[in-house]
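everything below, folded, please.
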Amino acid sequence: MKVGLILEGLPDRKVLEYLAKRINPEIKVVSRTLGKKPNLIADCGEIAKLLLELGCDRIIIAWDLFPAEWENPVRRKQLSLKNTRPKCDQDRKRIINALETAAVDLCHVCLVCIDAMLETWLLTDIRAVNVVLSTKIRRSNVKPPPRLERNQDPKSLMINIFRQEARGQKSVYSDVDDAIKIAKAIPKDSRDLNRLRKLDSFIQFERCIANDQAASKVKN
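Numbers count the residues shown, from 1 in each chain. Sure, this is the predicted structure:
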């Protein structure tokens with residue numbers, strides 16, 4: 001199976017390509033990064049059409065729920081006070097509209113809204129973060145972040161963890177360099193993806209990669 005990935009940036013590309021091959025070593029992956037979410041939403045239809053013409057059997061469009069450019073700041077504050085996330089319905093509708101405008105057959109497309117962003121996946125298995133932050137003389141022992149599923153800015157959380165744990169070593173988290181290191185540090189046993197399977201967005205991604213036909217049905 002040949003899968004086309006349409007993503008926002010390079011960190012997403014590195015991590016999702018790696019996880020895709022880990023989930024299904026037999027697949028071929030072709031990726032396109034479109035920059036920030038507004039660009040992805042605007043251009044995903046034409047890119048999906050191109051990838052299908054290049055022989056992809058399935059297209060996976062993955063994007064971060066946050067930052068939610070469409071979200072009204074006042075409404076976002078209200079949701080934060082209620083400890084509630086906005087849903088990705090509005091993003092999905094815009095993406096589906098772009099796909100339909102480009103005459104893309106939705107049966108070949110799978111949508112994955114990463115809730116809230118790539119760092120949510122990475123922090124879900126804190127063992128991998130500790131591996132990356134450990135040195136020969138000091139073992140990192142970061143505890144699982146509380147209420148991670150509600151955190152709207154896990155990247156800032158990751159930055160703070162790196163800053164606090166480095167202690168004279170590299171103290172700046174770089175998503176381009178460090179995100180893939182963390183992903184590769186997740187233990188290799190297939191069962192060790194179980195922590196990521198606590199996240200609905202990862203389950204959806206895994207099903208798409210594993211060629212679960214039900215996962216590819218895009219609903220309006």
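
hey, let's count contacts and neighbours off CA atoms from now on
Will do.

pLDDT weak spots in the chain?
For the chain, the stretches with pLDDT under 70 are 69-86, 167-170, 190, 212-220.

mind jotting down where the helices sit in it?
Secondary structure of the chain (DSSP state H): helices at 10-23, 37-53, 73-81, 89-101, 118-124, 126-133, 154-166, 175-185, 200-209.

most packed of those helices?
Greatest average neighbour count among the helices of the chain goes to helix 118-124 (a mean of 23), per mean count of other CA atoms under 10 Å.

leaving out the residues flanking it, which one is nearest to residue 45?
Setting aside the residues directly before and after it, residue 45 is nearest to residue 99 in space (CA to CA, 6 or more residues apart in numbering), at 4.1 Å.

pretty sure that neighbour is touching residue 41, no?
No - assessed by CA atoms under 8 Å, residue 99 is found out of contact with residue 41, at 9.3 Å.

burial count for residue 171?
16 (other CA atoms under 10 Å).

how about the nearest residue to it, chain neighbours excluded?
residue 163 (4.6 Å).

quick one: that neighbour from residue 34, how far?
Taking CA to CA, to the nearest Å as the measure, residue 163 and residue 34 are separated by 30 Å.

please apply the same query to residue 210.
Using CA to CA, residue 210 is found at 24 Å from residue 34.

before we move on, what about residue 51?
From residue 51 to residue 34 the distance is 14 Å (CA to CA).

swap in residue 140?
From residue 140 across to residue 34, the span is 35 Å (CA to CA).

again, but for residue 14
Using CA to CA, we find residue 14 at a distance of 14 Å from residue 34.

then residue 7?
6 Å.

need the residues touching each of those two.
Shared contacts of residue 7 and residue 34 (CA atoms under 8 Å, 6 or more residues apart in numbering): residue 40.
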